[in-house]
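**Q** Fold the stuff below for me.
(2 chains)
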Amino acid sequence: MKRKLPWILLTVFLGLMTVGLLLGEYRTVLEKAVTVCLDCIGIG
Amino acid sequence: MEVLNTPRRRRVWYQALSALAVNAWLPNWLTGKIYQGNIKGVCVPVLNCYSCPSALGACPIGAMQTFFGGLRFNLSVAEKKFGLYVVGLLGAAASVVGRMPCGWLCPFGLLQELLHKIPTPKIRLPRYFSAFRYLFLAVFVVALPLIVVDQFGYGQTWFCKWICPAGTLEAGIPLIALNAGLRPLVGFMYYWKVALLVLFLGWMIVSARPFCRAVCPLGAILGLFNKGSLFRMAVDDEKCTLCDACYRDCPVEIRIYESANSPDCVRCLKCLDSCRFGAISYAFLSKRETSASARPGRAAESPAADV
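**A** This next block holds a predicted model:
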């Protein structure tokens, strides 16, 4: 089981990432990232 | 001389190259604007503020808070976004190498290691400080963005807003300095974050990687995978003499012979060079591993076990 665990984790998280991409989450991150984050720079 | 040629000895160059790679849009340092290309939606597995003028990718911790801040019960299922892309990307990377990006790629980790080289009296952090980073993850990255909402019904990016010194250093100070349009907005929050940054920088000089060990929520996430990743560290019980040479050189002050795949280990592999007995090794999916529980009493034999 210990030797299989990393492969199981990798498969599950790659699956989650794929679902997130299919739900359009890349666009959400992109929209956040291309505007200046006022909270991050301390003026939000 | 063979050891000098190993990649481990050139780790600082890998760290510097990584810092440059994730911040490669250098012309923006002249204009005070941020990079806005289509690849900016790619989350990088290191703490690097996406409002840094030259940042090419997105900070996964900032992105996670954005998703959690937008999750509300009154949204329909189709409108809900759980941040699966970010969690999946981090989990997939950590399933392969665990916390290795902290040791080899993170620009903020590099900064801490360089500052710690300044010759001053040093202070070791108590072990329990490593628990605090899970607290920062649970409270500032997950709970507060989910629970506390503004007048528009959205949660805020609490970690970015109140804590993150990387954002202040890489984005706050440069953007305020370079962009005159932002300067009138400077107020209490800005001074709070600058003061916190100064405190962190001072702490980095006297303690080894204090932000990584006690605060960083990204390190907390990646570290959870150390015991279950493809890449594994191992200590040979027969060769290890408990001399603590590895502990003295470790940038996060752990005794690898107590737990070869501790969540605190940033997998910089410095201990491989420290060990004169060749007791420490790494492999993908190694069967050989050791821990204090596997060798009862051995940790207590160490003369510096309680330091």
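
**Q** Tell me the residues of the stretch 101-250 of chain B that contact chain A?
**A** Residues of the stretch 101-250 of chain B lying close to chain A (C-beta under 8 Å from any C-beta of the partner chain) are B:156-157, B:160-161, B:164, B:167-168, B:171-172, B:175-176, B:182, B:185-187, B:189-194, B:225, B:228-230. Using the backbone N, CA and C atoms, a C-beta is placed for each residue, glycine as well.

**Q** now the strands: where do they sit in chain B?
**A** B:231-235, B:280-284 (DSSP state E).

**Q** export those strands to a markdown table and tack on distance to B:L56?
**A** Formatted as a markdown table, the strands of chain B follow (distance: least, C-beta to C-beta, whole Å):
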| stretch | distance to B:L56 |
| --- | --- |
| strand B:231-235 | 25 |
| strand B:280-284 | 29 |
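
**Q** any idea which of those is most buried?
**A** Highest mean neighbour count of the strands of chain B: strand B:231-235, a mean of 23 (counted as mean count of other C-beta atoms under 10 Å in any protein chain shown).

**Q** Report the strands that pair with that one, each with its relative direction.
**A** Sheet partners assigned to strand B:231-235 using DSSP bridges are listed as strand B:280-284 (antiparallel).

**Q** Format the CA atom coordinates belonging to the strand it pairs with as PDB.
**A** Coordinates of each C-alpha in strand B:280-284 appear next as PDB, following Å, rounded to 0.1, in the frame of the first residue of the first chain:
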ATOM      1  CA  ILE B 280      21.400   9.400   4.300                       C
ATOM      2  CA  SER B 281      20.100   8.700   0.800                       C
ATOM      3  CA  TYR B 282      17.100   9.500  -1.400                       C
ATOM      4  CA  ALA B 283      15.200   7.600  -4.100                       C
ATOM      5  CA  PHE B 284      11.900   7.400  -5.900                       C
END
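
**Q** For it, give me every contacting residue.
**A** With C-beta atoms under 8 Å, 6 or more residues apart in numbering or on different chains as the test, strand B:280-284 has contacts from B:230-236, B:240, B:246, B:256, B:260, B:267, B:269, B:271-272, B:288.

**Q** got it, and stretch B:168-180?
**A** Here stretch B:168-180 has contacts from A:36-37, A:40-43, B:23, B:29-34, B:48-53, B:55, B:107, B:111, B:182-183, B:186, B:190, B:193-194, B:196-197, using C-beta under 8 Å, 6+ apart.

**Q** give me that answer again for 7 Å
**A** For stretch B:168-180, contacts defined as C-beta atoms under 7 Å, 6 or more residues apart in numbering or on different chains pick out A:36, A:40-42, B:32, B:48-49, B:51-53, B:182-183, B:186, B:190, B:193-194, B:197.

**Q** from those, which would you call buried?
**A** A:36, A:40-42, B:32, B:48-49, B:51-53, B:182, B:190, B:193-194, B:197 (16 or more other C-beta atoms under 10 Å in any protein chain shown).

**Q** Go ahead and flag the most central residue of chain A.
**A** A:M17 (6.5 Å; C-alpha atoms, centre = their mean).

**Q** One more: chain B?
**A** In chain B, the residue lying closest to the centroid (C-alpha atoms, centre = their mean) is B:G219, at 4.0 Å.

**Q** B:P107 reaches B:N48, doesn't it?
**A** Yes: assessed by C-beta atoms under 7 Å, B:P107 is found in contact with B:N48 at 5.7 Å.

**Q** shared neighbours of the two, anything?
**A** Counting by C-beta under 7 Å, 6+ apart, the residues touching both B:P107 and B:N48 are B:V22.

**Q** Quick check, pLDDT for residue 39.
**A** Defaulting to chain A. Predicted confidence (pLDDT) for A:D39: 88.

**Q** Oops, wrong one, chain B.
**A** 95.

**Q** before we move on, what about B:V307?
**A** 30.

**Q** Now do the lengthiest helix in chain A against strand B:231-235: the angle between them, please.
**A** In chain A, taking DSSP state H as the definition, the longest helix is helix A:5-22. Helix A:5-22 runs at 150 degrees relative to strand B:231-235, counting by axes from the mean of the first three to the mean of the last three C-alpha atoms, to 10 degrees.
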